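J.: just the structure for this:
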Amino acid sequence: MLPPSRRDFVSLALAESRGYTNGKQRRQSCWRKWKQLSRLQRSIVLFLLALMLIGGFALYPSLSPQWGVEEHKEEKKQPFIIDVKDQGRPVLPEPRSERRGLRKRGPPALQNRLQGRGNSSEVRLKNAQEEEEGKPLISWHGAVIEAEQATDPNAKEKEKAVEPEDPSVLQLEESRLEAVREAFRHAWKGYKEFAWGHDELKPVSKSYTEWFGLGLTLIDALDTMWILGLKKEFEEAREWVAKELTFNKNVDVNLFESTIRILGGLLSTYHLTGDALFLEKAKDFGSRLMPAFSTPSKIPYSDVNIDKGTAHPPRWTSDSTMAEVTSIQLEFRELSRLTGDPKYREVVMEVMRRVHRLEGKHDGLVPMFINTNSGQFTHVGVYTLGARADSYYEYLLKQWIQGGKKETELLEDYVQAVEGIQKNLLKRSSPLGLMFVGELSHGHFSPKMDHLVCFLPGTLALGVHHGLPAEHMELARQLMETCHQMYVQMETGLSPEIAHFNTQADSIQDVDVKPADRHNLLRPETVESLFYLYRFTKDRKYQTWGWEILQSFNKYTRVDTGGYTSINNVRDPTSPSPRDKMESFFLGETLKYFYLLFSDDSNIINLDKYVFNTEAHPLPIWPQTD
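T.: Residues are numbered from 1 along each chain as shown. The predicted model follows:
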């Protein structure tokens, strides 16, 4: 082999393509001609080019509308597709077409918005903005609260400045809202035909059940009909309330259930309609519940006879549950504000003061039971966010909001409880790593999570909206995904009443359901939280998840003759086994939250003006002067 210095080299001359050569020559020729021009000539040419450029910018706005029209025409050629994953479940049929200009359904705020609506999808950065502007912030247990505790005064102006949404988005929204109205009409049809004036419908057997004998479903659904704009149905119900509803009945009612459904429903309907009929009924009913508070400890009994004026605990115990005694405050406080009689507020706030001082809490978490004689916690060591305790945590935050963010003890208890949840009850499942809320029993962790716990993502998001730490929103998002998976991983697309989460590394499915827990009662908690998450984030995936759930309700729980039924087995799509009962909260809560979820109008129950009780009845946030 020859050394490098002695190697022969062959050079190849590659002919340039004709097009490339000609182009190069033209560019060189133009450059020579430009260089041959005098400095004055070149300045004139550059000046003329600048004038042409400026003229083009001036003409642009007049051309843009034409371009917008052409682009819109192109968009309309695209097929209209509902953004729902099929997953083997049918899409609800579209409602019969109606001319939008003639549509009269829905509250006035929604009608006005459909004529000319702004997109309210701006991300809320209020806390960060106020920090930059130097406004002082107050902190309790790590919770950052706005000093003025007020919403952005320029929010409405900002909304007006936003461009209108794509018409296809409005069409999708209205089709979903109409699907909810249709579902309500179908449920109401069954109730009106087979259970009118009674507590709850049995849609399969075409009959009814009585709990209190007070038209529970009808009262629970009053404000839902008003919000959905179902005028005919609302007038029918109002006439029954005016002529038939009486509380002169020798019946025992559960203090908690009757307060959130009947008292809350009447107060809410009064505020939405301004009709004094509902306030008078609320005053009558609220006064009949007062004997429940005549206990040695001031912790109320669970049951009260509304005719005899007597109250008692359950036959088998002298305990009340924590949820029962601490989730009646919003309603009684509002009744005092409306009547001017402080007695209603005093009795329920005395309960909160006593619970606040009690020992036996675990990092802000409370036991499930409290004794009406001693006023002390019982069954200490068992902590859950499910049945018997859930709405205690919800009402801590909501009372603070209702009262104008002045009652700091309520806020302290709420924030401490959230810290306790994060410290003691959160774990991740396998294989997807879903964050879930378990239970604690004498130091032993159980991966059991009630569907009731799915209220928590919405409550956390509501707290962030009112100034609590942003980390609560991240937890809300993760728990919302978990509640969604409790539906998605079931064969019917409907959640069980109770789920157990697998935590072993070799698990195939995150959610496991015991045979006794496979029923679905048409509960609202997941839809409720989807509403809050969508309202505050404007992430449309939450609407899509809700739409999938509504389709599953229609496929597996809808009864042809009218009404919806709870089912026994969410894991058997071929035979879900109807339970033959439509809970009043399906109309009072579930369908209401569906409607609010699918609406982009934040003025339909403005969350800076209203707070929902635990039965989805909106009550006003008090003015700062109250």
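J.: drop to CA atoms for contacts and neighbour counts, all remaining ones
T.: Fine.
J.: which parts of the stretch 401-550 of the chain are strands?
T.: Ranges of strands in the stretch 401-550 of the chain, per DSSP state E, counting those that start in this stretch, are 426-428, 435-437, 439-441, 444-446, 448-450, 498-501, 511-512.
J.: any idea which of these is most buried?
T.: Among the strands of the stretch 401-550 of the chain, ranked by average contacts under mean count of other CA atoms under 10 Å, first place goes to strand 435-437 (a mean of 24).
J.: mean confidence for it?
T.: In this model, strand 435-437 has a mean pLDDT of 98.
J.: next: stretch 48-55.
T.: Here the mean pLDDT over stretch 48-55 is 76, rounded to a whole number.
J.: okay, that stretch in CSV with CA atoms only?
T.: Extracted as CSV, the C-alpha positions of stretch 48-55 are listed here (Å, rounded to 0.1, in the frame of the first residue of the first chain):
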residue,chain,number,x,y,z
LEU,A,48,-41.5,53.0,-3.2
LEU,A,49,-41.2,49.5,-1.8
ALA,A,50,-41.8,50.9,1.7
LEU,A,51,-44.9,52.7,0.6
MET,A,52,-46.3,49.5,-1.0
LEU,A,53,-45.6,47.6,2.2
ILE,A,54,-47.4,50.2,4.4
GLY,A,55,-50.3,50.3,2.0
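J.: state the pLDDT value of residue 167.
T.: On pLDDT, residue 167 comes in at 83.
J.: can you check residue 170 too?
T.: Taken from the predicted model, the pLDDT recorded for residue 170 is 88.
J.: just the one 4 residues further on next, same as before
T.: Each residue has a pLDDT score; the one for residue 174 is 94.
J.: for residue 44, same thing?
T.: For residue 44, the model assigns a pLDDT of 78.
J.: for residue 302, which of the strands of the stretch 401-550 of the chain is the nearest?
T.: Within the strands of the stretch 401-550 of the chain, the stretch nearest residue 302 is strand 448-450; the backing value is 22.4 Å (CA to CA).
J.: which strands or helices does the closest one pack on?
T.: Packing partners of strand 448-450 (3 or more CA pairs under 8 Å, 6 or more residues apart in numbering; DSSP states H and E): strand 435-437, strand 498-501.
J.: which among these is found nearest to residue 588?
T.: Each of those was scored for nearness to residue 588 using CA to CA, and the closest is strand 498-501 (22.0 Å).
J.: please enumerate the helices of the stretch 101-250 of the chain.
T.: 108-115, 126-132, 155-161, 167-194, 216-220, 222-228, 231-243 (DSSP state H, counting those that start in this stretch).
J.: out of these, nearest to residue 550?
T.: Taking CA to CA as the criterion, helix 167-194 is the member of the helices of the stretch 101-250 of the chain that comes nearest to residue 550, at 8.3 Å.
J.: quick revisit: make TSV out of the helices and strands packed on strand 448-450 and add distance to residue 419.
T.: As requested, those are exported to TSV (distance: least, CA to CA, whole Å):
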stretch	distance to residue 419
strand 435-437	13
strand 498-501	22
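J.: would you mind measuring from residue 231 to residue 320?
T.: Relative to residue 320, residue 231 is positioned 40 Å away (CA to CA, to the nearest Å).
J.: neighbour-wise, which of the two wins?
T.: Between residue 231 and residue 320, counted using other CA atoms under 10 Å, the more crowded position is residue 320 (24 against 16).
J.: right, and that one touches residue 297 too?
T.: No: under the criterion of CA atoms under 8 Å, residue 320 makes no contact with residue 297, lying 11.7 Å away.
J.: who are the contact partners of the most centrally placed residue in the chain?
T.: If you average the C-alpha coordinates of the chain and look for the closest C-alpha using CA atoms, centre = their mean, you land on residue 531, 2.4 Å from that point. Shown in contact with residue 531 (CA atoms under 8 Å, 6 or more residues apart in numbering): 458, 542-543, 593-594, 596-597.
J.: can you do 6 Å?
T.: Taking CA atoms under 6 Å, 6 or more residues apart in numbering as the definition of contact, the neighbours of residue 531 are residue 597.
J.: state the distance from it to residue 354.
T.: Taking CA to CA as the criterion, residue 531 is separated from residue 354 by 33 Å.
J.: just residue 229 next, same as before
T.: Residue 229 sits 42 Å away from residue 354 when distances are taken as CA to CA.
J.: higher neighbour count, the two?
T.: Ranked by neighbour count (other CA under 10 Å), residue 229 and residue 354 place residue 229 first, with 18 against 14.
J.: assign a three-state SS to the residue nearest to residue 220 when sequence neighbours are not counted, would you?
T.: For residue 220, the nearest residue in space outside its immediate sequence neighbours is residue 588; the separation is 4.8 Å by CA to CA, 6 or more residues apart in numbering. Three states are possible here, and by DSSP: H, G, I helix; E, B strand; the rest coil the one that applies to residue 588 is helix.
J.: surely residue 588 touches residue 221?
T.: Yes: counting by CA atoms under 6 Å, a contact exists between residue 588 and residue 221, whose distance comes to 4.6 Å.
J.: can you list residues touching both of the two?
T.: Contact criterion CA under 6 Å, 6+ apart; no residue bridges residue 588 and residue 221 by contacting each.
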